[in-house]
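Participant: Just need the structure, nothing else, for what follows:
(chains A and B)
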Amino acid sequence: MSITHTYIQELSQKIGETVTLKGWVSNKREGKGIVFIVLRDGTGFCQCVVTAETASNQGLESAQNTRLETSVIVNGLIKTDEKQIGGIEVEVQQIEIIGDSVDYPIAKKEHGVEFLMDQRHLWLRSTRQWAIMRIRNTIVFSIHNYFQKEGFVQMDAPIFTGNACEGTSTLFETDFYGSAAYLSQSGQLYGEAMAMAMGKIYTFGPTFRAEKSKTRRHLSEFWMIEPEMAFYDIFQNMDAIEGMLQHVIKDVLANCKHELDTIGRDISVLESSLGSFPRMTYDEAVRIIKGEQDVNGQNSIKLLEAELKAAESRLSEIDAEIADREDQINAGGMKKGQINFFTAKINELKQEKSDVEEDLRNIPQWLNSARNFEYGNDFGGSDETVLTKLFDRPVMVYDWPHEVKAFYLKRNPEDMRFARGVDVLAPEGYGEIVGGGERETNVDSLIEKIHEHQLPMSEFEWYLDLRRFGSVPHSGFGLGLERVVTWICKLKHVRESIPFPRMYGRLTP
RNA sequence: UCCUUGAUAGCUCAGCUGGUUAGAGCGAGCGGCUGUUAACCGCUAGGUCGUUGGUUCGAGUCCAACUCAGGGAGCCA
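Facilitator: Numbering: from 1, shown residues only, chains lettered A, B, ... in the order given. Have a look, this model is predicted:
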């Protein structure tokens, strides 16, 4: 196939040439006799200038007739201009409208989440979403590269399953030729079978959880990467997790500079995450959460209390600034443009205010949960938040009380109270991005655990076979793709990390 | 399932303790301005205030239930 046009990505190599660009109008500003179009073509954004002088009256008229998201073919001369995106500007000679765009719903203005989610099919075109999806793509590609480089074989676990694998979370039930089937909540057990065949494998596929969770880190449908390695113990497992995450972070830093910049990501935490991850036992983590043990001179409880105070004083600052700006507007004598600017600022402050108020409602609960944390319990979302705020890189917590973890985890042979699970918690309050561990190898211990968890033995016979025929030490983990994307991009909510999120109350678009 | 916050114009919001015909900005339409980067000027159109019921002389405003949405708990990646 011959390519008949140039992509915006390539423009820096084409300065002084006349090229054809095909894309959409992502932004437009007009003056008398001049139109500025910010064109996007999927590979990037660039400003195109249309005047009658270079594009004729007809060209100028076409440009004036474009609207947001009108598709166009543009012919023009590539020039340098320091002030523009990428330092490049197109002096348009010809412009042709391909598809009009009447009443495009997403304006050059702040919108609420519900509205944007309803427009998700169009929202994906916006600069920020474009950048996030490009970073997601880099992460996906990097994960594959890492495992392929390390000799892993990619294999897929089934999506229809006969029963709940870990017996804990709520699953989506479907009809499978007349009998109940569930959408997979994890491919892990199958991953173990595949690892016994291939040595090292990884799955990469969708996962479903039917929990009615309404939080910023839950989806009903998400993508999970689950490696499983024969002859790996929990410590080799942690090496693999760290190696993979750092490989991904390195690739994002190397290949997504412009995208990270577009979404305003401060990359210092990503950079420090290239240093080795702290590894701590559950015991130690609990002491830190309860404030009994400091980390780098910081104390979890004091940190939270400080955050609460900071939120309180920020709130009064915001109120004062809003009042001040409103007074200035009401005082009169202000130009309309300035009033607009002030109003926009006030709206921004109000948005921040409601976020701060949310924090003020949540932090006391978290403080309470941290202070009263009961040894032996699993961590809640807030406990993870508290712990990770103390570190500038992901933290690995291993050796959990066996009662709170899945039935298939191996017990620490030196202290049977603990199971060899490991959770990786992302910094900046993001919480769990990886969960994994070393698997139980002994048939009898597994049978005992299955009884203990009251799971249907018949469904696990095939799984027990893996221990009956050449059982070996093995480990693996599950990486939540969207959670990694969310952390690396520092998004407020996972729903922005996937093209079409599926969550409680959201099935369209 | 529980706790919590909210629902007013296409969008983002205001509407104080219930009181005459419901407001602003943006966007849209029209007109004016050759270089803009959410900061220009003027005019025009646009709302049975989420739904149902109640209190009241009178409800966008108070009460109840419901629906939907935001955040959190539980559960987890």
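
Participant: What ranges does the stretch 201-350 of chain A have for its helices?
Facilitator: Using DSSP state H, counting those that start in this stretch, the helices found in the stretch 201-350 of chain A span residues A:234-255, A:257-262, A:268-272, A:282-289, A:300-330, A:336-371.

Participant: what helices or strands is the longest one leaning on?
Facilitator: If you count contacts as 3 or more Cβ pairs under 8 Å, 6 or more residues apart in numbering; DSSP states H and E, helix A:336-371 packs onto helix A:300-330, helix A:381-388. Every residue, glycine included, has its C-beta placed from N, CA and C.

Participant: Would you mind finding the most buried of these?
Facilitator: The highest average neighbour count among those, using mean count of other Cβ atoms under 10 Å, belongs to helix A:381-388 at a mean of 22.

Participant: Check which element follows the longest strand along chain A along the chain.
Facilitator: The longest strand of chain A (DSSP state E) is strand A:18-31. Downstream of strand A:18-31, the next assigned helix or strand under DSSP states H and E is strand A:34-40.

Participant: chain center to that following strand: distance?
Facilitator: 31 Å (Cα atoms, centre = their mean, to the nearest Å).

Participant: just the angle between it and strand A:18-31, please?
Facilitator: Here the directions of strand A:34-40 and strand A:18-31 differ by 120 degrees (axes from the mean of the first three to the mean of the last three Cα atoms, to 10 degrees).

Participant: tell me what strand A:34-40 is packed against?
Facilitator: strand A:18-31, strand A:45-51, helix A:52-65, strand A:71-80.

Participant: most neighbours per residue, which of these?
Facilitator: Highest mean neighbour count among these (mean count of other Cβ under 10 Å): strand A:45-51, a mean of 22.

Participant: That one vs RNA strand B: in contact?
Facilitator: Yes: residues of strand A:45-51 contacting RNA strand B under Cβ under 7 Å from any atom of the strand: A:47, A:49, A:51.

Participant: Closest to residue A:350 out of these?
Facilitator: residue A:47 (31.7 Å; Cβ to Cβ).

Participant: I'd like the helices and strands packed on strand A:34-40 written out as TSV, with mean pLDDT added.
Facilitator: Formatted as TSV, the helices and strands packed on strand A:34-40 follow (pLDDT from 0 to 100):
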stretch	mean pLDDT
strand A:18-31	89
strand A:45-51	91
helix A:52-65	87
strand A:71-80	92
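
Participant: Can you add distance to residue A:357 and give those back as TSV?
Facilitator: Compiled in TSV, those are given as follows (distance: least, Cβ to Cβ, whole Å):
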stretch	distance to residue A:357
strand A:18-31	33
strand A:45-51	35
helix A:52-65	45
strand A:71-80	42
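
Participant: contacting residues around residue A:33?
Facilitator: Residue A:33 makes contacts with A:51-52, A:60, as judged by Cβ atoms under 8 Å, 6 or more residues apart in numbering.

Participant: so which of those would you say is closest to residue A:92?
Facilitator: Distances from residue A:92 to those, taken by Cβ to Cβ, are shortest for residue A:51, at 8.2 Å.

Participant: ok, the closest one to residue A:61 distance?
Facilitator: According to Cβ to Cβ, to the nearest Å, residue A:51 and residue A:61 sit 12 Å apart.

Participant: quick one: stretch A:131-146 near RNA strand B?
Facilitator: No: Stretch A:131-146 stays out of contact with RNA strand B when judged by Cβ under 7 Å from any atom of the strand, the minimum separation being 13.4 Å.

Participant: picking that back up, alpha carbons of the longest strand of chain A, in CSV - could you do that?
Facilitator: Taking Å, rounded to 0.1, in the frame of the first residue of the first chain, the C-alpha atoms of strand A:18-31 are listed here in CSV:
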residue,chain,number,x,y,z
THR,A,18,5.2,21.0,1.0
VAL,A,19,3.3,18.0,2.3
THR,A,20,-0.2,16.6,2.5
LEU,A,21,-1.7,16.0,6.0
LYS,A,22,-5.0,14.2,6.7
GLY,A,23,-6.7,14.5,10.0
TRP,A,24,-9.3,16.3,12.2
VAL,A,25,-9.6,19.8,13.5
SER,A,26,-8.9,19.5,17.2
ASN,A,27,-9.0,23.2,17.9
LYS,A,28,-9.6,26.4,16.0
ARG,A,29,-9.1,30.1,16.6
GLU,A,30,-10.1,32.8,14.2
GLY,A,31,-9.3,36.4,13.4
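
Participant: Not counting sequence-adjacent ones, nearest residue to residue A:497?
Facilitator: Once flanking residues are discounted, residue A:497 sits nearest to residue A:485: 3.9 Å by Cβ to Cβ, 6 or more residues apart in numbering.

Participant: Okay, helices next: where are they in the stretch 351-500 of chain A?
Facilitator: Going by DSSP H, counting those that start in this stretch, the stretch 351-500 of chain A shows helices at A:381-388, A:443-452, A:461-468, A:481-489.

Participant: how about JSON lines for these, with distance to residue A:56 and mean pLDDT added?
Facilitator: Below are the helices of the stretch 351-500 of chain A laid out as JSON lines (distance: least, Cβ to Cβ, whole Å; pLDDT from 0 to 100):
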{"stretch": "helix A:381-388", "distance to residue A:56": "59", "mean pLDDT": "87"}
{"stretch": "helix A:443-452", "distance to residue A:56": "78", "mean pLDDT": "92"}
{"stretch": "helix A:461-468", "distance to residue A:56": "73", "mean pLDDT": "96"}
{"stretch": "helix A:481-489", "distance to residue A:56": "43", "mean pLDDT": "97"}
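
Participant: and residue A:130, which of those helices is closest to it?
Facilitator: Nearest to residue A:130, of those and by Cβ to Cβ, is helix A:481-489 at 12.1 Å.

Participant: Now find how far off-centre that closest one is within its chain.
Facilitator: With Cα atoms, centre = their mean as the basis, helix A:481-489 stands 2 Å off its chain's centre.

Participant: ok, of the helices and strands packed on helix A:336-371, where does mean pLDDT dip lowest?
Facilitator: Mean pLDDT is lowest for helix A:300-330 among those, at a mean of 83.

Participant: Endpoints of stretch A:55-75, how far apart?
Facilitator: 9 Å (Cα to Cα, to the nearest Å).

Participant: which residues are contacting that stretch?
Facilitator: By Cβ under 8 Å, 6+ apart, stretch A:55-75 touches A:5, A:18-28, A:30, A:33, A:35, A:37, A:39, A:48, A:50-52, A:90, A:92-102, A:104, A:106-108, A:122, A:125.

Participant: Could you double-check that residue A:6 lies in contact with residue A:18?
Facilitator: No: using Cβ atoms under 8 Å, residue A:6 makes no contact with residue A:18, being 9.9 Å away.

Participant: if we can go back for a sec, distance to RNA strand B for the helices and strands packed on helix A:336-371 - can I get that in CSV?
Facilitator: CSV is the format used below for the helices and strands packed on helix A:336-371 (distance: least, Cβ to the nearest atom of the strand, whole Å):
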stretch, distance to RNA strand B
helix A:300-330, 9
helix A:381-388, 3
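
Participant: Show me which residues of the stretch 101-250 of chain A sit near RNA strand B.
Facilitator: So the stretch 101-250 of chain A meets RNA strand B at A:103, A:105, A:107-115, A:117, A:166, A:168-169, A:186, A:209, A:211-219, A:222, A:224 (Cβ under 7 Å from any atom of the strand).

Participant: hmm, try it at 6 Å
Facilitator: Contact residues of the stretch 101-250 of chain A with respect to RNA strand B, defined by Cβ under 6 Å from any atom of the strand, are listed as A:105, A:107-115, A:168-169, A:209, A:211-216, A:218-219, A:222, A:224.
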